[in-house]
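Engineer: predicted model follows, preceded by the sequence.
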Amino acid sequence: GEQVEQLPSSLIVQEGASVLINCSYTDSASVYFPWYKQEPGKRLQFIIDIRSNMERKQTQRLTLLFDKKTKHLSLHITATQPGDSAIYFCSASINSNNRIFFGDGTQLVVKP
Amino acid sequence: GPKVLQIPSHQIIDMGQMVTLNCDPVSNHLYFYWYKQILGQQMEFLVNFYNGKVMEKSKLFKDQFSVERPDGSYFTLKIQPTALEDSAVYFCASSSGQYQNTLYFGAGTRLSVL
């Protein structure tokens, strides 16, 4: 089945820095890639998604890039704030259902 | 935003007992999911459910597992009997559509099987 990998597993940055989280997947049938964020003790929260017919999507401080050839995504977060501290999950799903495969997560810590 | 509620947040039971995990999905959502996350590991799909039926289940969804949503009440995951390896956090999610729809997750129920 689909395998989703994320790198790095953790990141510690100073407030204001930009970060990049990389994600790769294996199943070329995957067409939908939602990202979720989980703050300590809280539920997973959807933050951004991209479909395989797109290369780039941007909302506020988040930019998501998608490369279908290399099966690779990258999430860029600019001007980080302590409130961005969370675990970020990349995920992938194929078109025939909404079964989502998650990566292991990237723990981001933003120091004030 | 829309919230999925899970009750209880933590459940401790003895191996071999039955446990029911409850999920109150977003009110107008029609598709429901359970995911399992063992400490330190990936979150893994268990099952999805629509119109009173299981649509798809993974190999983690053992015969001891069952799901239902009687009369639009809670969407439940029942494990009977429980085993030590069932200890994990179970996340419920719901979505309005089937394909490429955002899932809304609950905060999870931590199940500890002793």
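Structural biologist: Arrived safely, thanks for sending.

Engineer: can you pull the pLDDT of the residue nearest to the spatial centre of chain B?
Structural biologist: In chain B, the residue lying closest to the centroid (Cα atoms, centre = their mean) is B:W34, at 3.3 Å. You'll see B:W34 listed with a pLDDT of 96.

Engineer: that one contacts B:Y90, correct?
Structural biologist: Yes: between B:W34 and B:Y90 there is a contact at 6.1 Å, judged by Cβ atoms under 8 Å. Bear in mind the C-beta positions are built from the backbone N, C-alpha and C, glycine included.

Engineer: residues in contact with B:T82?
Structural biologist: Neighbouring residues of B:T82 by Cβ atoms under 8 Å, 6 or more residues apart in numbering or on different chains: B:13, B:15-19, B:64, B:111, B:113.

Engineer: one more time with 7 Å, if that's ok
Structural biologist: Counting by Cβ atoms under 7 Å, 6 or more residues apart in numbering or on different chains, B:T82 makes contact with B:13, B:15-17, B:19, B:113.

Engineer: list only buried entries from the residues you listed.
Structural biologist: B:13, B:19, B:113 (16 or more other Cβ atoms under 10 Å in any protein chain shown).

Engineer: burial of the nearest residue to B:L111 once chain neighbours are set aside, as a residue count?
Structural biologist: Excluding its sequence neighbours, the residue lying closest to B:L111 (Cβ to Cβ, 6 or more residues apart in numbering or on different chains) is B:Q11, at 5.2 Å. If you count neighbours by other Cβ atoms under 10 Å in any protein chain shown, B:Q11 ends up with 16.

Engineer: what's the pLDDT at B:Q11?
Structural biologist: 96.

Engineer: mind checking which helix or strand it is in?
Structural biologist: strand B:10-13 (DSSP states H and E).

Engineer: mind listing residues that contact that strand?
Structural biologist: Under Cβ under 7 Å, 6+ apart, the answer for strand B:10-13 is B:19, B:82, B:109-114.

Engineer: ok, now stretch A:105-112?
Structural biologist: Contacts of stretch A:105-112 (Cβ under 7 Å, 6+ apart): A:6, A:8-15, A:19, A:21, A:80-82, A:84-89.

Engineer: same deal with stretch A:63-77?
Structural biologist: Taking Cβ under 7 Å, 6+ apart as the rule, stretch A:63-77 contacts A:18-26, A:28, A:33, A:35, A:48, A:50, A:52, A:54-57, A:61-62, A:84, A:88, A:90.
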